[in-house]
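[1] Return a 3D structure for these sequence lines:
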Amino acid sequence: MPELPEVETIRQDMLRKVKGKKIYKVEVKNEKPIRIPTPSQFIQRLEGKVFKDILRRGKYLIVQINSTQNLIFHLKLTGRLIFSPQGEKTPNYTRIIFNFEDKSKLFFTDIRGFADVYLISEKEWDKIPSLRDIGPEPLDPDFTLNKFENLLRGKRGKIKPLLMNQSFIA
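    Coordinates of the predicted model:
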C-alpha cells in the first residue's frame, strides 16, 4: 500500500506530467473503482476538462479540474497511475484511461480492485468519511514540533498504532 511519502511522490510526478492537460476522452474499462458519481456521469463530467492542479490530502490524490469538481483517487493496496506519452500498450488491470488531447494517456490500474475514485466537489468531501476525518498534515509547513507535541499530550500506548491512525495525523 502506498504510504504518504509514496503518494506525495506520485503527486509531484503527476504535476510534471499531466498538469494543464485537457481530457478529450475517458474510457472506463472496469466500473468498480468509481464510487461517486455513476460511471456514465463520470465520463460526461470529465471529458473536455483540464487537470488544473494535483493536491494530496493524507493518502488521497486530488486532481482539481477546471470546474467545481475534484477527481479523487485513493490507491489503497495496488492502485497505480501510469503516464504514457504516446502509443504505449495498455497495462494489465487498467480500470480507467484518461486520453489527453496531445495523445498522451493516464492509466489508472488496480490489480486487486480495492482502489477508489470519486468525482465530487470540495463541498461533498464529507461523503468520504476517511477523507473528511483526516488529521493534520505532517508535511504542512505549519506543522511544527510544538504542534506535534501538543497532539501527543495525554496519549497513552504505543506510538506506531497512533501514527498509523489517519484521524490522528494524515
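
[2] L81 and V63 touch, don't they?
    No. Between L81 and V63 there is no contact under C-beta atoms under 8 Å: 9.7 Å. No exception for glycine: its C-beta is placed from N, CA and C like everyone else's.

[3] Between those two, which contacts overlap?
    M14, F73 (C-beta atoms under 8 Å, 6 or more residues apart in numbering).

[4] Assign a three-state SS to the residue nearest the centre of the chain, would you?
    The C-alpha lying nearest the average C-alpha coordinate of the chain belongs to L61 (C-alpha atoms, centre = their mean; 2.2 Å). Following DSSP: H, G, I helix; E, B strand; the rest coil, we place L61 in the strand state.

[5] quick one: the strands in this structure?
    23-28, 34-36, 51-57, 60-65, 69-74, 79-84, 94-100, 105-110, 116-121 (DSSP state E).

[6] mind checking which of the ones you listed is nearest G154?
    Nearest of the strands of the chain to G154, taken as C-beta to C-beta: strand 51-57 at 25.7 Å.

[7] which helices and strands sit right next to the closest one?
    Applying 3 or more C-beta pairs under 8 Å, 6 or more residues apart in numbering; DSSP states H and E, we find strand 51-57 packed against helix 4-18, strand 60-65.

[8] again, only using 10 Å
    helix 4-18, strand 60-65, strand 69-74 (3 or more C-beta pairs under 10 Å, 6 or more residues apart in numbering; DSSP states H and E).

[9] partners of the second one, with directions?
    Using DSSP bridges, the strands paired with strand 60-65 are strand 51-57 (antiparallel), strand 69-74 (antiparallel).

[10] Near the closest residue to L106 other than its chain neighbours, how many other residues are there?
    Spatial nearest neighbour of L106, excluding adjacent residues (C-beta to C-beta, 6 or more residues apart in numbering): F98 at 4.2 Å. Applying other C-beta atoms under 10 Å, we find 24 other residues in the vicinity of F98.

[11] beta partners for F98?
    Residues in beta-bridge contact with F98 (DSSP bridges): V26, L106.

[12] I'd assumed K17 was in contact with it.
    No. Look at F98 against K17 with C-beta atoms under 10 Å: they stay out of range, at 11.5 Å.

[13] tell me, what's touching the two both at once?
    Common contacts of F98 and K17 (C-beta atoms under 10 Å, 6 or more residues apart in numbering): F51, L81, F83, S104, L106.

[14] which two from those residues end up farthest apart in space?
    L81 and S104, at 12.7 Å, using C-beta to C-beta across these.

[15] higher neighbour count, the two?
    Neighbour count, other C-beta under 10 Å: between L81 and S104, L81 has more, with 22 against 17.
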